[in-house]
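Novice: structure for the following, please:
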Amino acid sequence: MKAFIIAALVLLIPASILAQPTLGVYFTYEPFNIYYSPNHMGEQFDGYLFGHNIDCYLTAIEFQLVIGNPSIQLTGTTLLDGWINLGDPLIGMSISGWPPLDGWNPGYNLLAVFHFLAVDFCECYGGTLVGVPIQIVPHPDTGTISGTCWPDNSLFPFIGLSSVICPVGTATQESSWGAIKSMVD
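Specialist: Now for the predicted structure:
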């Protein structure tokens, strides 16, 4: 019985985390891909800042963008029409806009586009980059990753996500079903 309760709690943890508002950089125009692999020096690519599970009409966000290797350079930021920027993504950024964004439909919102330049490229293509994180972290002035909701400008926290440039592959080994079953015995 004790094992059942522990297993149930472990299964509930991811569901509770997924229900929280998240903020992350994705490498497709729809928020599905958090990995990117530049294959040549000087490659330019975009990262799309998306917010998920925002259960309100969003009017502002604040955060900081951390890039884990100087070989990936931020060359610019494009905001939505009607949105303004205070600060710089690499040292703390606050953006706000009107009209508010509907956080319910379709369940995620494009908030900004970051433009990157790869000075080096992935090891799998002959470069030296391996597993470079791009993280959304708290704004250094406030210590939070947060957003505000219209009409009362109530503040709510985001969970910052990490994306990866040149992800490391995981090796697999072929095994028979009997060998797999013996691992659990």
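Novice: okay, CA-based contacts and neighbour counts for the rest of this
Specialist: Noted.
Novice: which non-adjacent residue is nearest residue 64?
Specialist: residue 92 (4.5 Å; Cα to Cα, 6 or more residues apart in numbering).
Novice: distance check, the one you found against residue 144.
Specialist: 10 Å (Cα to Cα, to the nearest Å).
Novice: can you list residues touching both of the two?
Specialist: 62-63 (Cα atoms under 8 Å, 6 or more residues apart in numbering).
Novice: setting aside sequence neighbours, what's the nearest residue to the most centrally placed residue in the chain?
Specialist: Geometric centre of the chain, nearest residue: residue 24, 2.1 Å, by Cα atoms, centre = their mean. Closest residue to residue 24 apart from its sequence neighbours, by Cα to Cα, 6+ apart: residue 161 at 4.8 Å.
Novice: if we can go back for a sec, and the residue nearest to the centre of the chain, what does it touch?
Specialist: Residue 24 neighbours (Cα under 8 Å, 6+ apart): 49-51, 135-136, 160-163.
Novice: swap in 7 Å and give it another go.
Specialist: Under the criterion of Cα atoms under 7 Å, 6 or more residues apart in numbering, the neighbours of residue 24 are 49-51, 136, 160-162.
Novice: look up how far residue 160 lies from it.
Specialist: Relative to residue 160, residue 24 is positioned 6 Å away (Cα to Cα).
Novice: shared neighbours, those two?
Specialist: residue 136.
Novice: for residue 141, helix, strand, or coil?
Specialist: coil (DSSP: H, G, I helix; E, B strand; the rest coil).
Novice: okay, now it: neighbour count?
Specialist: Neighbours of residue 141 under the rule other Cα atoms under 10 Å: 12.
Novice: what pLDDT does the residue nearest to it when sequence neighbours are not counted get?
Specialist: Of all residues not flanking residue 141 in the chain, residue 92 sits nearest, at 7.5 Å (Cα to Cα, 6+ apart). Predicted confidence (pLDDT) for residue 92: 96.
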